[in-house]
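J.: predicted model, plus sequence, below.
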Amino acid sequence: MLLQSQIAEVIQSQAANFLGKHTGLEREILPQLPVPNRHTLIITGIRRCGKSTLLLQLLKNCFDTAFYLHFEDPRLAGFEKNDFARLESEIKKRKPEVLFFDEIQIMDQWEFFIRHLLDQHYKIVITGSNATLLSRELGTRLTGRHLSVELFPFSYNEFLAFKKLKNTIGSSRQYLLQGGFPEYIKAANGFILNQLLEDILYRDIAVRYGVRDVRSLKQLAVYLISNIGKPVSANNLKSLFAIKATSTILEYFSYLENAYIVQFLPMFSHSVKKQVRNMKKVYTIDPGMFTENSIVFTDENGRSLENAVYLHLRRKYKELYYFTEKGECDFIAMEKGRPKEVIQACYELNADNLERETAGLTTALDFFNIKKGKIVTVNQTDTINNNGKSIEVVSLADFLTDQ
């Protein structure tokens, strides 16, 4: 239990820090954010991707006053469910237009408190670094009363704006190395992303889920980050990490994905059972995470490019797959069950891979009865006609800026 005065002191201290922050680069997602009214707006994303800064930008654009509280403040370590009444009292004293709560899901029975505030017609925005911990409780307690959006590290366009760079092939290569974590880009210190991975593994996964074998969890995370663009199987990895149960590997997969360290791309199939059964490809949430936390000893520019293409599509589409039959196609982007884009990623087309890359793409175009597809390369542009299909070869710089 906390005293009323202790809660008030934390609120005042955090408010001064929050309002004193620089608003930073305006995020692309800001104009698309629904202004909370009768719904709670939920913003999820990996740690250090800029969620708090986005809240400040939302405040400056849409509101005059806000109540802000970050629940991971050590001074709130003794916060109990009965303290929500004291917190509500502090909110009423300040009469804010909107309530901003950061990482509130670490508190027991937080969802009841949010529902109570909604019933009193408060506008509420919640940010969090774990997708499932938020959605699970919201699905049961706030059904139909929340809107969810995801925030990623800087996109390529945001990277260019932040670094004040022109859109060139050199800039796109730089993005493949540095990615979009604001603090990392600014400091150019790899330790920042090393420490970020450690923090997520221990604070967001090991502590919250009671994982005892943190060493195996970390080894698995580094393995997945190091193998972006490759299919992975829990059954195959079980022996590699001396973990007895496939179910444990699958649990670790879900923990890592929910904390936004990695993402898994399913193989397309009209059968949901086949989608679940087949191996999924793994990608990481940001190119910088691969640069600083992978263990690779060869040139992996091709897989870095493929990861960047995935992230660009992931921002635009909720339905993404890879396709494999006679050949393989890297990405099928769909909306409402209909294919919108069919895309192959290849760092450089040459005589050795041209037939394989075009054949895989053409097979997918035939399957979905589509006439046009794309191959994204680092710096090539071309148009290839193959068996009645038009294949546009585009540079990564143009693809990531939607030119």
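T.: Arrived safely. Bear in mind the structure is a predicted one, so any value in this text is a computation, not a measurement.
J.: show me the domain layout of this protein.
T.: Here the domain assignment for the chain is 4-150, 156-400, based on automatic domain parsing.
J.: mind listing what's buried in stretch 351-369?
T.: Neighbour counts over stretch 351-369 (16 or more other C-beta atoms under 10 Å) mark 357-365, 367-368 as buried. C-beta coordinates here come from the backbone N, C-alpha and C atoms, glycine included.
J.: quick one: which of the residues you listed is nearest residue 123?
T.: The shortest approach to residue 123 among the buried residues of stretch 351-369 belongs to residue 368, at 42.7 Å (C-beta to C-beta).
J.: so where does the spatially closest residue to that closest one that is not a sequence neighbour fall, helix or strand?
T.: Residue nearest to residue 368 in three dimensions, not counting chain neighbours: residue 339, with 4.5 Å by C-beta to C-beta, 6 or more residues apart in numbering. Taking DSSP states H and E as the definition, one finds residue 339 inside strand 338-345.
J.: how far off centre is that strand?
T.: For strand 338-345, the distance from its own C-alpha centre to the chain's C-alpha centre is 20 Å (C-alpha atoms, centre = their mean, to the nearest Å).
J.: in its sheet, what does that strand sit against?
T.: For strand 338-345, the pairing partners within the sheet under DSSP bridges are strand 328-335 (antiparallel), strand 372-377 (parallel).
J.: residue 218 and residue 202 touch, don't they?
T.: No - Residue 218 lies out of contact with residue 202 (C-beta atoms under 8 Å); the separation is 9.0 Å.
J.: what lines up beside the helix or strand in which residue 149 is found in the sheet?
T.: Of the helices and strands defined by DSSP H and E, residue 149 is found in strand 146-150. Strand 146-150 has the following strand partners under DSSP bridges: strand 40-44 (parallel).
J.: next secondary structure after the strand it pairs with?
T.: Following strand 40-44 in sequence order, the next helix or strand is helix 51-62 (DSSP H and E).
J.: hey, least reliable of the domains of the chain by pLDDT?
T.: Per-stretch mean pLDDT for these is lowest at domain 4-150 (a mean of 91).
J.: okay, how far is it across it, tip to tip?
T.: As for domain 4-150, its first-to-last residue distance stands at 34 Å under the measure C-alpha to C-alpha, to the nearest Å.
J.: quick one on the thing from earlier: what about the residue nearest to residue 368, neighbour count?
T.: Taking other C-beta atoms under 10 Å as the neighbour definition, residue 339 ends up with a count of 20.
J.: ditto for residue 279
T.: 17.
J.: I'd like the distance between it and residue 235.
T.: Between residue 279 and residue 235 the computed distance is 9 Å (C-beta to C-beta, to the nearest Å).
J.: kindly report the same for residue 39.
T.: Computed as C-beta to C-beta, the residue 39 to residue 235 distance reads 41 Å.
J.: neighbour-wise, which of the two wins?
T.: Neighbour comparison, residue 39 and residue 235: the larger count goes to residue 39, with 17 against 10 (by other C-beta under 10 Å).
J.: contacts only, for residue 279.
T.: Taking C-beta atoms under 8 Å, 6 or more residues apart in numbering as the definition of contact, the neighbours of residue 279 are 231-233, 267.
J.: again, 10 Å this time
T.: Residues touching residue 279, when contacts are defined by C-beta atoms under 10 Å, 6 or more residues apart in numbering, comprise 230-236, 264, 266-267, 322, 324.
J.: so what does it look like in phi/psi?
T.: In this entry, residue 279 is assigned phi and psi values of phi -60, psi 150 (degrees, to the nearest 10).
J.: still on that earlier bit, now the strands paired with strand 338-345 in TSV, with distance to residue 274?
T.: Converted to TSV, these look like this (distance: least, C-beta to C-beta, whole Å):
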stretch	distance to residue 274
strand 328-335	15
strand 372-377	23
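J.: quick one: which of those is nearest residue 52?
T.: For residue 52, the closest of these is strand 328-335, at 30.5 Å, according to C-beta to C-beta.
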